[in-house]
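Asker: quick one: sequence plus predicted model below, questions after.
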Amino acid sequence: MYILVALFGAFFLAVGWIGRMQLTAMARSVTRTCAELTAHGPFTTKCEVAGTVRAPGGPILTAPFSGRPCVWYRVKATAKYRDGGTNPFLKESSDQPFELWDDTGGIDVFPGTTDVHGTEKTLDAKISSDERTHLPVPDGHPDRYREYHYEEWTLPVGSPLYVRGKAVFDGMRLSMRAPTAEPSTTDPYILSTRSEKQLRRRALAIMVTGYGGGALLVALAAVVAVLESN
């Protein structure tokens, strides 16, 4: 029993550590404007930029489920078996760059595989497998499934956006990309419609909850271990 409690404690401690890493990364990142990042020629730095999502010069994206115009989207589709199980058969997000605009200029944001947090949920629909739908369905016989659950999140033009990552100015274009080649907990790429202040509060809450809950569970595991050994 104490091993299970200790595992839960370790999980909470790990969550607290992630919150601490996010809080530390934001605290150590300097807020820059687009004008500052382009003032001295080619330049690369880790920083944070805040502004508003601007309409692209070319064609705008269309969300695959709702058909709404946007600059970024994430979709998820899950099929529910008649016996109660689930099959998450579709999960994808767009990786097309979009422009963030502050009062001094614009910066191209390359989301890559990073989700944009705090986006608008534009679709949350459950459809019976007996109904006809234009939305994608899983391969296989439909009689196996009871219903399909479709979810969609979008980032429309005009949304506020905070970005913490690696800014690169090549002398012509200014862009923001992930600070590391692979996703990193200690050096995170943060894209969010929330403000930096809101994100810091959230990270602090995660850290306190994780470390506090983890410490209590580890202490409880120690007590249970002593009781079980007697």
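Answerer: Received, thanks. Residues are numbered from 1 along each chain as shown.
Asker: quick check, pLDDT for the closest residue to Val137 other than its chain neighbours.
Answerer: Distance criterion C-beta to C-beta, 6 or more residues apart in numbering; nearest residue to Val137, sequence neighbours excluded, is Tyr148 at 6.4 Å. All C-beta spots, glycine's among them, are computed from the backbone N, C-alpha and C. pLDDT recorded at Tyr148 is 92.
Asker: and for the one 10 residues further on?
Answerer: The predicted local confidence for Gly158 comes out at a pLDDT of 94.
Asker: same check, this time on Tyr81
Answerer: Per-residue pLDDT puts Tyr81 at 90.
Asker: please apply the same query to Thr24.
Answerer: Looking at Thr24, its pLDDT is 84.
Asker: now do Glu92
Answerer: Looking at Glu92, its pLDDT reads 95.
Asker: list the beta-bridge partners for the closest residue to Ile60 other than its chain neighbours.
Answerer: Leaving out its chain neighbours, the residue that sits closest to Ile60 by C-beta to C-beta, 6+ apart is Pro69, at 4.9 Å. Counting by DSSP bridges, Pro69 is bridged to Thr62.
Asker: who's the residue nearest to Val137 bridged to?
Answerer: Beta-bridge partners of Tyr148, as defined by DSSP bridges: Ala79, Ile127.
Asker: residue contacts, it?
Answerer: Residues near Tyr148 by C-beta atoms under 8 Å, 6 or more residues apart in numbering: Ala77, Thr78, Ala79, Lys80, Lys126, Ile127, Ser129, Thr133, Leu135, Val137.
Asker: any idea how far Ala215 is from Val208?
Answerer: Going from Val208 to Ala215 by C-beta to C-beta, to the nearest Å gives 11 Å.
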